[in-house]
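Asker: Here's my sequence, what's the structure:
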Amino acid sequence: MNTTGAELNESVEAAHAAFEKARLASPGTRAAWLEAVAAGLEGNADALIRIAARETHLAEPRLRGELKRTAFQLRLFADEIRRGEHFDATIDQEDGAWAMGPRPDLRRYNVPLGVVGVFGASNFPFAFSVMGGDSASALAAGCAVVHKAHDGHRELAVRTAETVTAALEAAGAPSGLFSQVTGRQAAEALVDHPLVKAIGFTGSTAGGRALFNRAAVRPEPIPFFGELGGINAVFVTGNAWSARREEILNGYAGSLTLGMGQFCTKPGVLFVPAGQTDEVRDGLRRALAGFAPAQLLSERLHEGFRQAVTDLRDTAGVQVLVEGDFAEAPAPTVLLTTSDAVRHDPGILRQEMFGPASLVVEYSGESELAALAGLLEGQLTTTLHAELEDDVAELAGRLADISGRLLWNGWPTGVTVSYAQHHGGPYPATTSGTTSVGTAAIRRFLRPVAFQSFPASRLPEPLQDANPWNIPQRVDGAWQHPFATRKDGKL
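Answerer: Numbering: from 1, shown residues only. Sure, this is the predicted structure:
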């Protein structure tokens, strides 16, 4: 049964009430809630993975790795919020001699937004779904979460949500801090609800853009943090191609088929020097010879894959390089085109094929590459395969302009959860300039508030001189760290 409008309203109101109770919980208390969820997921791992394997066709090792990542992320966020750097606590003490005239006492820190609606993805049933990056970072920020379950793994979503709510309640979190709803009516009502203050989304460009527009036309527009995917173009210089063509083709084949090509960071376009088409075809056939196909996540995704590959294959200037199929467990397809063709029709570079398929573009000279990069839309990642002696400054600069993560001699599949990670990019990769992976994701669900001339006893704890939460504070322009920030113990 799908969630009714009345039930959705009840969930959001309960989430708001829980947020009001929890908003000033200490970093240690909130961190303990996240750690309790991580432990709850691990304690129920066997049952959750059995359901996930049945609903998604993903193999058990992949699912166990993904659940491990989810628990690790929760604990990393717990450590991050204990440190308190996300508060950005800044104190300007009263100064009658301030150069711009007398300065009042000003104190600013980041506060949580409120209730966050989260839309989970189908391709990562743990890492980007119920308690994936959006939910985890919103809870870490101090928000309440109402999660809209993905229809592609509904039973798993229900069981995961039950595990999360039980863990939170056992840890002492307010009831309603996390809840889940189902169905399209609830999804639309979630975006519209006046108590919802932000949306986190991982999914298709079409679905994400529709919800983004809906969030923008509310009487009170709210931020929409949408990750919509992309092509993840890879550029290979002539020197790199000459030095390690076979290695590059092997890496490309492995990356485009990883997870049956159902990763948002799959390399969808590979730019290589022209003149070796037969060698490229033979090299890819060798690289793909041992590939064991599997079912895609759902019939709907399978049909979308078939349509996307067929549409691009039938485009003028595009031909089949490696013939795949659309069987229940589809074999990989690699298409081929030229730089002349994409200059004539840049839309060739903008067709995402979500599944085991990709496009090779042959270019005539490296002087073309920066201009070809200019035909691309915003990307989650772009990659350079080059040698140290190659002059790729212009190309690298152009790629940095259009992508959130730029790789050197690697492959974009694999997005580690860490401090410096950035998983985002200019539209249509995402709808914001933020990241949905890594500790910086927490800051999406915060906003700054300044307190002027407040009595010391009325100040929020992060801004008090006594610093009861023991967090970093910037006082009159100088950071004061109550703890060592480097592994060697130095500040």
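Asker: need the helices for the stretch 101-250 of the chain, in chain order.
Answerer: Here the stretch 101-250 of the chain has its helices, by DSSP state H, counting those that start in this stretch, at 133-141, 154-170, 184-192, 205-216, 238-257.
Asker: between these, which one is nearest to Phe126?
Answerer: Shortest separation from Phe126 across the helices of the stretch 101-250 of the chain is recorded for helix 154-170, at 7.6 Å, computed as CB to CB. Any C-beta I mention is one placed from the backbone N, CA and C, and that applies to glycine too.
Asker: In that closest one, which residues are buried?
Answerer: Using 16 or more other CB atoms under 10 Å as the test for burial, helix 154-170 gives 156-157, 159-161, 163-165, 167-169.
Asker: Could you do stretch 191-210 as well?
Answerer: Quick answer for stretch 191-210 (16+ other CB under 10 Å): 191-193, 196-205, 208-209.
Asker: Next: stretch 330-346.
Answerer: 330-339, 341-342, 345.
Asker: CA atoms only: put it into PDB for me.
Answerer: Backbone C-alpha positions of stretch 330-346 (Å, rounded to 0.1, in the frame of the first residue of the first chain) are rendered in PDB as follows:
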ATOM      1  CA  PRO A 330      22.600  -8.200 -21.800                       C
ATOM      2  CA  ALA A 331      26.000  -8.500 -23.300                       C
ATOM      3  CA  PRO A 332      28.000  -5.200 -23.500                       C
ATOM      4  CA  THR A 333      27.600  -2.900 -26.500                       C
ATOM      5  CA  VAL A 334      30.300  -0.400 -27.600                       C
ATOM      6  CA  LEU A 335      29.400   2.200 -30.300                       C
ATOM      7  CA  LEU A 336      31.800   4.200 -32.400                       C
ATOM      8  CA  THR A 337      31.700   7.700 -33.900                       C
ATOM      9  CA  THR A 338      34.100  10.500 -34.900                       C
ATOM     10  CA  SER A 339      35.000  14.000 -33.800                       C
ATOM     11  CA  ASP A 340      33.500  15.400 -37.000                       C
ATOM     12  CA  ALA A 341      30.100  13.600 -36.200                       C
ATOM     13  CA  VAL A 342      29.900  15.000 -32.700                       C
ATOM     14  CA  ARG A 343      30.800  18.500 -33.800                       C
ATOM     15  CA  HIS A 344      27.900  18.200 -36.200                       C
ATOM     16  CA  ASP A 345      25.600  16.800 -33.600                       C
ATOM     17  CA  PRO A 346      26.800  17.400 -30.000                       C
END
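Asker: for the record, mean pLDDT for it?
Answerer: Mean pLDDT, computed over stretch 330-346, is 98.
Asker: One more: stretch 157-174?
Answerer: In this model, stretch 157-174 has an average pLDDT of 98.
Asker: From the chain's centre, how far out is that stretch? Work that out for me.
Answerer: Computed by CA atoms, centre = their mean, to the nearest Å, the chain-centroid distance of stretch 157-174 equals 23 Å.
Asker: hmm, back to that, show me the buried residues of stretch 330-346 that map onto strands.
Answerer: If you go by DSSP state E, these have 333-338 in strands.
Asker: Please enumerate the helices of the stretch 301-450 of the chain.
Answerer: So, for the stretch 301-450 of the chain - with DSSP H, counting those that start in this stretch - the helices run 339-344, 369-373, 393-402.
Asker: Could you export the buried residues of helix 154-170 to CSV, including columns for distance to Pro448?
Answerer: Converted to CSV, those look like this (distance: CB to CB, whole Å):
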residue, distance to Pro448
Leu156, 37
Ala157, 34
Arg159, 38
Thr160, 33
Ala161, 32
Thr163, 34
Val164, 29
Thr165, 31
Ala167, 31
Leu168, 27
Glu169, 31
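Asker: of all those, which comes closest to Gly101?
Answerer: Taking these together and measuring to Gly101 by CB to CB, the closest member is Leu168, at 48.8 Å.
Asker: List the contacts of the nearest residue to Ala141 once chain neighbours are set aside.
Answerer: Computed as CB to CB, 6 or more residues apart in numbering, the closest residue to Ala141 that is not its neighbour in sequence is Phe445, at 3.9 Å. Listed by CB atoms under 8 Å, 6 or more residues apart in numbering, the contact set of Phe445 reads 112-113, 116, 137-138, 141-143, 198.
Asker: Looking at these, which one is closest to Ala45?
Answerer: Ranked by distance to Ala45 (CB to CB), the contacts of Phe445 are led by Ser137 at 21.9 Å.
Asker: Provide a list of residues in contact with the closest one.
Answerer: Counting by CB under 8 Å, 6+ apart, Ser137 has contacts 77, 200, 436, 441-442, 444-445.
Asker: Now the buried members of the residues you listed.
Answerer: Counted by 16+ other CB under 10 Å, the contacts of Ser137 give 77, 200, 436, 441-442, 444-445 as buried.
Asker: Spatially, which two of those residues are the most separated?
Answerer: Of all the pairs that the buried ones among the contacts of Ser137 form, the one spanning the most space (CB to CB) is Phe77 and Gly200, at 14.1 Å.
Asker: domain ranges for this protein?
Answerer: Domain assignment of the chain by automatic domain parsing yields the ranges 5-228+432-446, 233-408.
Asker: The first one: how far from the chain's middle?
Answerer: Same thing as domain 5-228+432-446. 12 Å.
Asker: Next: the last one.
Answerer: Using CA atoms, centre = their mean, the distance from the centre of domain 233-408 to the centre of the chain it belongs to is 21 Å.
Asker: and among the domains of the chain, the most buried is which?
Answerer: Highest mean neighbour count of the domains of the chain: domain 5-228+432-446, a mean of 20 (counted as mean count of other CB atoms under 10 Å).
Asker: Endpoints of it, how far apart?
Answerer: 28 Å (CA to CA, to the nearest Å).
Asker: Show me the shaky parts of the stretch 201-350 of the chain.
Answerer: Applying pLDDT under 70 to the predicted model, the stretch 201-350 of the chain contains no residue that meets it.
Asker: List the contacts of the residue nearest the centre of the chain.
Answerer: Residue closest to the average C-alpha location in the chain (CA atoms, centre = their mean): Ser436, at 3.5 Å. Going by CB under 8 Å, 6+ apart, Ser436 touches 133-134, 137, 200, 202, 225, 227, 423-424, 430, 444.
Asker: if I look at it, how far off is His302?
Answerer: Ser436 sits 26 Å away from His302, taking CB to CB, to the nearest Å as the criterion.
Asker: what do you get for Glu94?
Answerer: Distance of Glu94 to His302, given as CB to CB: 65 Å.
Asker: next one: His153
Answerer: His153 is 15 Å from His302, by CB to CB.
Asker: and Pro219, which of the helices of the stretch 301-450 of the chain is closest to it?
Answerer: Among those, helix 393-402 sits nearest to Pro219 (CB to CB), with 34.0 Å.
Asker: which helices and strands sit right next to that closest one?
Answerer: Contact analysis of helix 393-402 by 3 or more CB pairs under 8 Å, 6 or more residues apart in numbering; DSSP states H and E lists helix 369-373, strand 379-385, strand 403-408 as its packing neighbours.
Asker: Right, I'll leave it there.
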